[in-house]
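> Structure, please.
(one chain, ligands or ions: 1)
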Amino acid sequence: MAVSGTLSTFRLPPLPTIREIIKLFRLQAVKQLSQNFLLDLRLTDKIVRKAGDLTNAYVYEVGPGPGGITRSILNANVTELLVVEKDSRFIPGLQMLSDAAPGKLRIVHGDVLTYKIERAFPESLKRRWEDDPPNVHIIGNLPFSVSTPLIIKWLENVSCKDGPFVYGRTQMTLTFQKEVAERLTASTGSKQRSRLSVMAQYLCNVQHILTIPGRAFVPKPETECLSSQKPEEPDNMRIFKGTTRQHKERGGLGARSTWTGRVRPHLCQ
Ligand SMILES: C[S@@+](CC[C@H](N)C(=O)[O-])C[C@H]1O[C@@H](n2cnc3c(N)ncnc32)[C@H](O)[C@@H]1O
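Alright, predicted model coming up:
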């Protein structure tokens, strides 16, 4: 007799809008914590779709804030979503989401720069580096004040296969301010080429997948002009998808402070 399988899909129940949450919990953006919120759930759904199929995935979201991207991740049929947020004002709103998605959302009030994600998810998720990526994803509209130190830390983690990469080649779908994004993808000879470009491209495939206009954020972000040149799209944000490369060699780039541009041919499969 054929066994009929049931596909269970999870949808959040009707909830107050993100704008209402911001009003309800008086969540005015704090500049020091780089707070620019995405309120349009169609846009956050689009960002989350770019991460690929998240069915049964374990997802780590950095800086959920009022929870726009968080809602879209929860609606993507994940097994577990772990969020790390530094600002305690967002915790009650996130708790409300957790109540609406029983057993799916784990909230950590903490700092992404120090949080130890390597112990957060089940051991059984671990894959060898040369295997297909594990069903573990990092997603985030990164806090701009920490985006560069955080991505450098993660790149060091890739090189050492530790931190979020103890699970294998964990995939990242990240939103950065344009300046950081341009450095991540800058090719040899371009003005934005930097240590970050070399490290990122040596260790990962970095792919630009979406440009988000500044007006989509509340408040609209102020962009930093790194040079006297006028940027072409001063108010745009860019979203990237990074997949770690399957480097066969051992060792890594070592500590940030000692890295001096070691460039070698890829040893990828
Ligand atoms: C750019 S906002 C994005 C908020 C939300 N994800 C969205 O897209 O609307 C960055 C978020 O990261 C949080 N944040 C800033 N620094 C942080 C840190 N070191 N650790 C954890 N969260 C942090 C801020 O409080 C804020 O909620």
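
> While we're on the closest residue in space to residue 51 that isn't next to it in sequence, how confident is the model there?
Nearest residue to residue 51 in three dimensions, chain neighbours excluded: residue 173, at 4.1 Å (C-beta to C-beta, 6 or more residues apart in numbering). Every residue, glycine included, has its C-beta placed from N, CA and C. At residue 173 the predicted local distance difference test score is 92.

> so how far is the helix or strand residue 173 falls within off the chain centroid?
Residue 173 belongs to strand 171-177 when assigned by DSSP states H and E. Averaging C-alpha positions (C-alpha atoms, centre = their mean, to the nearest Å) puts strand 171-177 4 Å from its chain's average.

> So what are the sheet partners of it and their directions?
When pairing is defined by DSSP bridges, strand 171-177 lines up against strand 136-141 (parallel), strand 236-244 (antiparallel).

> Tell me which helix or strand comes right after it.
Per DSSP H and E, the first helix or strand lying C-terminal to strand 171-177 is helix 178-185.

> Report all helices and strands that that following helix contacts.
Using 3 or more C-beta pairs under 8 Å, 6 or more residues apart in numbering; DSSP states H and E as the contact criterion, the neighbours of helix 178-185 among helices and strands are helix 144-160, helix 195-203, strand 204-213, strand 236-244.

> wait, which of the ones you listed is closest to residue 52?
Across the helices and strands packed on helix 178-185, residue 52 has its closest neighbour in strand 236-244 (8.3 Å, C-beta to C-beta).

> which bits of the stretch 1-150 of the chain sit near the ligand?
Those residues of the stretch 1-150 of the chain that sit near the ligand, judged by C-beta under 6 Å from any ligand atom, are 33-38, 63-66, 68-69, 84-87, 90, 111-113, 141, 143, 146.

> can you tell me which of those residues are in helices?
68, 69, 146 (DSSP state H).

> least confident pick among those?
residue 146 (89).

> Can you flag the buried ones in the residues of the stretch 1-150 of the chain next to the ligand?
Neighbour-count burial within those applies to 33-38, 63-66, 68-69, 84-87, 90, 112, 141, 143, 146; the criterion is 16 or more other C-beta atoms under 10 Å.

> And the strands paired with strand 171-177, which one averages the lowest pLDDT?
For these, the weakest mean pLDDT is recorded on strand 236-244, namely a mean of 62.

> what angle sits between the strand holding residue 173 and strand 204-213?
Direction vectors for strand 171-177 and strand 204-213, defined by axes from the mean of the first three to the mean of the last three C-alpha atoms, to 10 degrees, enclose an angle of 40 degrees.

> tell me the mean pLDDT over stretch 205-220?
For stretch 205-220, mean pLDDT is 85.

> can you give me the end-to-end distance of that stretch?
Taking C-alpha to C-alpha, to the nearest Å, the first and last residues of stretch 205-220 lie 29 Å apart.
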